[in-house]
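1. from the sequence below, what's the structure:
(chains A and B)
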Number of protein chains: 2
Amino acid sequence: MPVLTTYTTKIIPDWVDYNDHLRDAFYLLIFSYATDALMDILGLTSENRDASGHSLFTLELHLNYLHEVKLGAQVEVHTQVIAHDHKRLHLYHSLHLVGAGQELAGNEQMLLHVDLAGPRSAPFSAAVFAQLTAIADQQADLPRPPLLGRVIGLPGR
Amino acid sequence: MPVLTTYTTKIIPDWVDYNDHLRDAFYLLIFSYATDALMDILGLTSENRDASGHSLFTLELHLNYLHEVKLGAQVEVHTQVIAHDHKRLHLYHSLHLVGAGQELAGNEQMLLHVDLAGPRSAPFSAAVFAQLTAIADQQADLPRPPLLGRVIGLPGR
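-> The predicted structure is shown next:
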């Protein structure tokens, strides 16, 4: 920390188009796996989801594609907690070649903690909230990602 | 028209989580296939991409998840052209159960027309631009999707 590398993978043939470039939806699959990994770090593991009946649902997200990613590339996701309250988590993932600083894509996500029995929104457990707050505190000095809060529109309108 | 149904599919086992709900990234894969279908309508088919060396790249997108979608559901995507210029296309896809009005998810996309030889941005051909303008004109009276232009943030901040 403060930079948290949540997920590392190689780009596989299932994820690329006829031109061997990573398809837009599979950038998001990689970011989605990074969110799963963060859930494990927070103590919301699959076993706990089964035991506790709670999970995180994606409410909304924004994705910026900055550079192409090719078949076979080794990539990693860096994750920053932007904000949280008792049942919501606002985070930012960025995609990089392993060990490289350049951002290939950025993904802002708003997640909701859910009781699967409803399903309905539910507060984080004290242990999960404490872990989330600890990560946010460790990352408090990180700069705000420049792509946060963007609105889509044609230039000049 | 004016509502353009660009893509229809059944939710397959590869796309759902342990709870048989559609995973966030696979909502986007369905919307990505809908963009491919719109490219065919515009005359940017795979054969033409090979012949002309042009394609559409996703620059940026925003996704709102409104309702869960389950394994086996039959869904369709409705597509609305929001704006365009000589090389960019701003569109909105919404996901529905086949024949149902309720919106299950909404996806705003900004796409760029690209000459694959660079790759670098390039103007639409006259034929593609005319087809795009014809669709936009046919959809001119559609209401603006309420989720357009959203900014992600915790409530009350």
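
2. beyond the lowest-mean-pLDDT helix or strand in chain A, next helix or strand please.
-> Sorting the helices and strands of chain A by mean pLDDT, DSSP states H and E puts helix A:46-52 at the bottom, at a mean of 62. Once the chain leaves helix A:46-52, the next helix or strand it forms, by DSSP states H and E, is strand A:54-65.

3. that next one and chain B, any residue contact?
-> Yes - for a cut-off given as C-beta under 8 Å from any C-beta of the partner chain, strand A:54-65 has contacts with chain B, namely A:S55, A:F57, A:T58, A:L59, A:E60, A:L61, A:H62, A:L63, A:N64, A:Y65. Any C-beta I mention is one placed from the backbone N, CA and C, and that applies to glycine too.

4. what of stretch A:4-13?
-> No - applying C-beta under 8 Å from any C-beta, one finds stretch A:4-13 out of contact with chain B, separated by at least 12.7 Å.

5. just list what the lengthiest helix in chain A packs against, helices and strands only.
-> When chain A is parsed with DSSP state H, its longest helix is helix A:24-42. Based on contacts counted as 3 or more C-beta pairs under 8 Å, 6 or more residues apart in numbering or on different chains; DSSP states H and E, the elements that helix A:24-42 packs against are strand A:4-10, strand A:54-65, strand A:74-84, strand A:88-97, strand A:105-115, helix A:126-138, helix B:24-42.

6. compare those and give me the one nearest B:P123.
-> Evaluated over the helices and strands packed on helix A:24-42, closeness to B:P123 peaks at helix B:24-42, with 13.6 Å, by C-beta to C-beta.

7. and that closest one, what's buried?
-> By neighbour count on 16 or more other C-beta atoms under 10 Å in any protein chain shown, the buried set for helix B:24-42 is B:24-39, B:42.

8. return the residues of chain A in contact with chain B.
-> Listed as neighbours of chain B in chain A under the rule C-beta under 8 Å from any C-beta: A:18-19, A:23-26, A:28-29, A:31-32, A:46, A:55, A:57-65, A:68, A:83-85, A:88, A:90, A:108-110, A:116, A:119, A:149-155, A:157.

9. buried ones among the residues you listed?
-> In the residues of chain A next to chain B, burial by neighbour count holds for A:23-26, A:28-29, A:31-32, A:55, A:57-65, A:84-85, A:88, A:90, A:108-110, A:116, A:119, A:150, A:152-153, counting by 16+ other C-beta under 10 Å.

10. report the separation between the nearest residue to A:R144 once chain neighbours are set aside and A:P143.
-> Nearest in space to A:R144, with sequence neighbours left out and distances taken as C-beta to C-beta, 6 or more residues apart in numbering or on different chains, is A:I82 at 7.7 Å. A:I82 sits at a distance of 12 Å from A:P143 (criterion: C-beta to C-beta, to the nearest Å).
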